[in-house]
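*Asks:* prediction below, plus the sequence it came from.
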Amino acid sequence: MSDVSNNEPDATSGTRRSRLYLRAQINGVPLKTILATVFVIVVVYFSFQVLYRLRAVLLLMLVGAFIALLLNPIVVFLQHWKLPRRGAAVLVVTIAAILVFVGLSVAFGYPLVNSMTHLANALPTYVHNAEHNKGWIGHLLTRYHVQTWLQRNSSKLVSLANGLSKPALALGKGAATLLVALVTIFAFVTLLLLEGPKIRRAGLAMMLPKNRVWVSKVGAQVSRAALGYMLGNFLTSLIAGFVVFITLFTLNVPFAILFAIWVALVDFIPQIGGALAGIPTVLFALVHSVTAGVITAIVFVVYSLIENHVLNPIIMSRTVKINPLSVFIAILVGAEIGSWVGGIFGGFVGVLLAVPSAATIHVLFREIWNSTASPPGVIQDISNKTDPFSAE
């Protein structure tokens, strides 16, 4: 009995906790292990709940970190060129980003307003032709008996029109939310560019010298992989913009160069960027003429298939240094995991970060594998000992 008491330091204090531990130890019950296991399970559960609640914020932070990682080489270049102070380099990059964003907004706003004005001016003519069975709209209405369907469902259409205010209000709220998200990402990227070197130095200072060298080397390789991803995606986006420009210019669609720039920018989003860029472009071409709209839609579909299944895997495998199959699988897995975590926006983030994440995993696996490999002399010695035909 004395041995058991000596094994439990708190047993002599006479507290309820010490007596409980002592009784559990006498009965062979691992009470401390059970309590520790329950505590870990509770902490993990509530941690996942908190992370799930904060998933929108975490996704925004991931996008911001990715943008900062892409802009960091520009900041470093400016520091080595004319602006040794990092704050000044970050300020120049920030101002340039704002000017580019405002310039593109103005450049794309003009053709959008122009096309809407053109559509509004041409709408009475479309309605008149439809009522008198003239033009392609009138022929379609007559052929597919759309007018009869409209007369039968006129009351439902009136109710639907009366309820359009709610979706419009939701669209306004969505635009406000998007604006707040853009401002948040912008502020986060700016702060991350400013404080990134300090965070990196603080993290490396807490490591052993050997681990510090290894982490620095792996971090440099991951940065090169991210830069390669940016260059590869930039190349595919340029190709997409060039194809759209040639198509619209050949079809005499106005603002071809602006829509080509729009496609090149939005196509930077892997897999889904082509579809997002193609919808307004095809609609604008359709307003210009039906033939232009149909041809533009066909070009977008064909090019999107070629880009997603041929160009992206091949170019990414050259710039990010991983094989095309890994790139394709990474994009599919990233889209699925992202949509599971955060819906449509999560799927967008998953697709955006899929290839850099795959490159990071590839670099980590390669470095860990190489660091745990046996020296060549040891391998040769083991092979000689296991080879029955080797000389003694």
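*Replies:* It's in.
*Asks:* against residue 86, how distant is residue 80?
*Replies:* 11 Å (CB to CB, to the nearest Å). C-beta: built from backbone N, CA, C; applies to glycine.
*Asks:* okay, these two: which has more neighbours?
*Replies:* Taking other CB atoms under 10 Å, residue 80 and residue 86 do not tie; residue 86 has more neighbours (18 against 10).
*Asks:* need the contact list for the more buried one.
*Replies:* Residues in contact with residue 86, defined by CB atoms under 8 Å, 6 or more residues apart in numbering, are 75, 79, 193, 194, 197.
*Asks:* tally of neighbours for the third one?
*Replies:* Residues near residue 193, counting by other CB under 10 Å, number 24.
*Asks:* which strand or helix spans it?
*Replies:* Using DSSP states H and E, residue 193 sits within helix 165-205.
*Asks:* any stretches of the chain with poor pLDDT?
*Replies:* 1-14, 104, 107-176, 178, 269-274, 324, 373-392 (pLDDT under 70).
*Asks:* that one - how does it break down into domains?
*Replies:* In terms of domains, the chain is parsed into 2-52, 55-206, 209-375 (source: automatic domain parsing).
*Asks:* okay, the ones you listed, which one's buried deepest?
*Replies:* Mean neighbour count (mean count of other CB atoms under 10 Å) peaks for domain 209-375 among the domains of the chain, with a mean of 18.
*Asks:* kindly reformat the contacts of residue 86 as CSV containing distance to residue 213.
*Replies:* Converted to CSV, the contacts of residue 86 look like this (distance: CB to CB, whole Å):
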residue, distance to residue 213
75, 24
79, 23
193, 25
194, 26
197, 18
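*Asks:* pick out the most distant pair among the residues you listed.
*Replies:* Farthest-apart pair in these is 79 and 194; separation 12.4 Å (CB to CB).
*Asks:* list phi and psi for residue 267.
*Replies:* Backbone torsions for residue 267, taken as degrees, to the nearest 10, come to phi -70, psi -10.
*Asks:* following the helix holding residue 193, which helix or strand comes up?
*Replies:* helix 209-250.
*Asks:* which SSE is immediately downstream of that following helix?
*Replies:* Elements were assigned by DSSP H and E; along the chain past helix 209-250, the next helix or strand is helix 256-266.
*Asks:* elements contacting that next one?
*Replies:* Contacts defined by 3 or more CB pairs under 8 Å, 6 or more residues apart in numbering; DSSP states H and E place helix 256-266 against helix 86-131, helix 209-250, helix 273-288.
*Asks:* wait, what's in contact with the closest residue to residue 238 other than its chain neighbours?
*Replies:* Among residues not flanking residue 238 along the chain, residue 264 sits closest, at 6.0 Å (CB to CB, 6 or more residues apart in numbering). Listed by CB under 8 Å, 6+ apart, the contact set of residue 264 reads 237, 238, 240, 241.
*Asks:* distance-wise, check residue 264 relative to residue 352.
*Replies:* In this view, residue 264 and residue 352 are 16 Å apart by CB to CB.
*Asks:* also residue 66?
*Replies:* 7 Å.
*Asks:* helix/strand/coil for the residue lying closest to residue 283 once chain neighbours are set aside?
*Replies:* Of all residues not flanking residue 283 in the chain, residue 293 sits nearest, at 7.4 Å (CB to CB, 6+ apart). Look at residue 293: counting by DSSP: H, G, I helix; E, B strand; the rest coil, its state is helix.
*Asks:* residue 293 contacts residue 285, correct?
*Replies:* Yes. Using CB atoms under 8 Å, residue 293 is in contact with residue 285, at 4.5 Å.
*Asks:* and the angle from the longest helix along the chain to helix 273-288?
*Replies:* Looking across the chain with DSSP state H, the single longest helix is helix 324-371. Here helix 324-371 points in a direction 160 degrees away from that of helix 273-288 (axes from the mean of the first three to the mean of the last three CA atoms, to 10 degrees).
*Asks:* so which elements touch helix 324-371?
*Replies:* helix 55-81, helix 209-250, helix 312-319.
*Asks:* chain center to the second one, what's the gap?
*Replies:* Translated: helix 209-250. Put simply, helix 209-250 sits 14 Å off its chain's centre (CA atoms, centre = their mean, to the nearest Å).
*Asks:* tilt between it and helix 324-371?
*Replies:* Going by the same axes, to 10 degrees, helix 209-250 makes 170 degrees with helix 324-371.
*Asks:* now swap in the first one and tell me
*Replies:* Interaxial angle of helix 55-81 relative to helix 324-371 (the same axes, to 10 degrees): 70 degrees.
*Asks:* which one among the contacts of residue 86 gets closest to residue 275?
*Replies:* residue 193 (31.1 Å).
*Asks:* how about the closest one: what's its closest non-neighbour residue?
*Replies:* The shortest distance from residue 193 to any non-neighbouring residue, by CB to CB, 6+ apart, is to residue 90 (4.7 Å).
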